[in-house]
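*Asks:* sequence first, then the predicted structure:
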Amino acid sequence: MKRTRQKKNVPVDASAKQAEPEESGDLTELVSVSDGPEESGSSPDISYQNKDIASKIFAEGLREKSLRVYGISSSRITKVLPTNLPAIEVNELRMDNLFQMEDGSYALIDYESGSRSKDKIKYINYIARTLKRLYDAGIRFPKIRMIVIYTSNVKHVKTVLDIGSLRLQIEPGYLSGIHTEEVFQKISKKAESERNLEDDELMELIILPLTVENREEQRILLRKCVSLAQRLEEREKQLFALSGLVTFADKIIDEELSQDVKGWIQMTKVGMIFEREKQEAIKQAVEEEREKQRQLQEQMQKETERSRRDIWILRSLLNGCTVAEAAKAFGVTEQEVIELKG
């Protein structure tokens, strides 16, 4: 979902081109470029803002997950890549997500609440700029997929744009195909009984509010889904579910619930930190105890060996050995033998 971002007007002149960032060929060094206004006659603009923390947490949480529950045939996501692509024109666009898939392909993923032919121009820009960035990084002409997930009010879109010299094929995922009540009851029952959800169930949960068309019904369902997410026992899954819900529901979530969810996300993150620190403390305590036990065992073993040696020294003296002979035989000083003899 696209967020409304604060824009900064930039005059259209030759200096705009000169101000573009130099290409480094490094996928991690990308400039943040925002969506330009779709229908304004004002000056084009570029905004350099980072995505919301919830969106970043959600994107990271998608690693190792699949999009099959949205009707998208795909292998698992293996790597989350930066979405901020190099500026090549003044009126810029920014995609929602860029991932590397298990089969080595790259997937550009966008979320749309409507369908317009003009959107395909935006997707071509995404693909061209991603291709250039990958090419400059030494990744030559990989397979790039354009995946678009549509909310419940979109039932069908034309997936191909053919202009002769170029053919664009998008892969649509229709949330209208998800049986909302059936999925909610299934997830709700499992979350309440086991306080746990599998990856596919998490992917269904975070998108569920957008599978109904009525805005008020969406908000009601969103609150129910947030409540379910809070009941999950595993903090990692709870964090992923909450961040996914607030990210997907960007346009329907009210400010109060948005702030509440973000507060819970922060508390969950803090809780995870405390939990990690607690586990580290336990691990350290166990290691320290093991070290103490090891040292104690070594000490006991040395004392046992010393006692056995002392007995043999005394036996050798009783059998007629001199102090010097006993000291040499058992590798000790004559003074030690004398003290032992008493």
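*Replies:* That came through fine.

*Asks:* quick one: residues contacting the residue nearest the centre of the chain.
*Replies:* With distances taken as C-alpha atoms, centre = their mean, the chain has residue 60 as the residue nearest its mean C-alpha position (1.9 Å). By C-beta atoms under 8 Å, 6 or more residues apart in numbering, residue 60 lies in contact with residue 80. To be clear about C-beta, it is placed using only N, CA and C from the backbone, and glycine gets the same treatment.

*Asks:* domain map for the chain?
*Replies:* 1-9+18-177, 179-253, 279-341 (automatic domain parsing).

*Asks:* which residue packs closest to residue 80, ignoring adjacent ones?
*Replies:* Closest residue to residue 80 apart from its sequence neighbours, by C-beta to C-beta, 6 or more residues apart in numbering: residue 59 at 5.2 Å.

*Asks:* the one you found: neighbouring residues, count only.
*Replies:* Residue 59 has 22 neighbours, counted by other C-beta atoms under 10 Å.

*Asks:* for the top helix by length along the chain, name the packing helices and strands.
*Replies:* When the chain is parsed with DSSP state H, its longest helix is helix 255-318. Helix 255-318 sits against helix 53-61, helix 215-231, helix 235-248, helix 323-330, helix 334-341, with contacts defined as 3 or more C-beta pairs under 8 Å, 6 or more residues apart in numbering; DSSP states H and E.

*Asks:* identify the residues contacting residue 127.
*Replies:* 108, 144, 146, 168.

*Asks:* distance check, the residue lying closest to the second one once chain neighbours are set aside against residue 99.
*Replies:* This points to residue 144. Using C-beta to C-beta, 6+ apart and skipping the chain neighbours, the partner closest in space to residue 144 is residue 106 (5.0 Å). Going from residue 106 to residue 99 by C-beta to C-beta, to the nearest Å gives 7 Å.

*Asks:* then residue 207?
*Replies:* Distance from residue 207 to residue 99, by C-beta to C-beta: 16 Å.

*Asks:* more crowded one of residue 106 and residue 99?
*Replies:* Neighbours were tallied for residue 106 and for residue 99 using other C-beta under 10 Å; the higher tally belongs to residue 99 (24 against 19).

*Asks:* and the more buried one, its phi and psi?
*Replies:* phi -130, psi 150 (degrees, to the nearest 10).

*Asks:* ok now do it, which residues does it touch?
*Replies:* Residues near residue 99 by C-beta under 8 Å, 6+ apart: 62, 77, 78, 79, 80, 81, 106, 107, 109.

*Asks:* can you classify the fifth one as helix, strand or coil?
*Replies:* When the structure is reduced to helix, strand and coil (DSSP: H, G, I helix; E, B strand; the rest coil), residue 80 reads as strand.

*Asks:* report the beta-bridge partners for it.
*Replies:* residue 99 (DSSP bridges).

*Asks:* so it makes contact with residue 62?
*Replies:* Yes - using C-beta atoms under 8 Å, residue 80 is in contact with residue 62, at 6.7 Å.

*Asks:* what separates the longest helix of the chain from the chain centre, distance-wise?
*Replies:* Taking C-alpha atoms, centre = their mean, to the nearest Å, one finds helix 255-318 lying 31 Å from the centre of the chain it belongs to.

*Asks:* what pLDDT, on average, does that helix get?
*Replies:* Mean pLDDT, helix 255-318: 74.

*Asks:* could you give the angle of it to helix 215-231?
*Replies:* 10 degrees (axes from the mean of the first three to the mean of the last three C-alpha atoms, to 10 degrees).

*Asks:* and residue 263, which of the domains of the chain is closest to it?
*Replies:* domain 179-253 (10.1 Å; C-beta to C-beta).

*Asks:* span of that closest one from start to end?
*Replies:* 21 Å (C-alpha to C-alpha, to the nearest Å).
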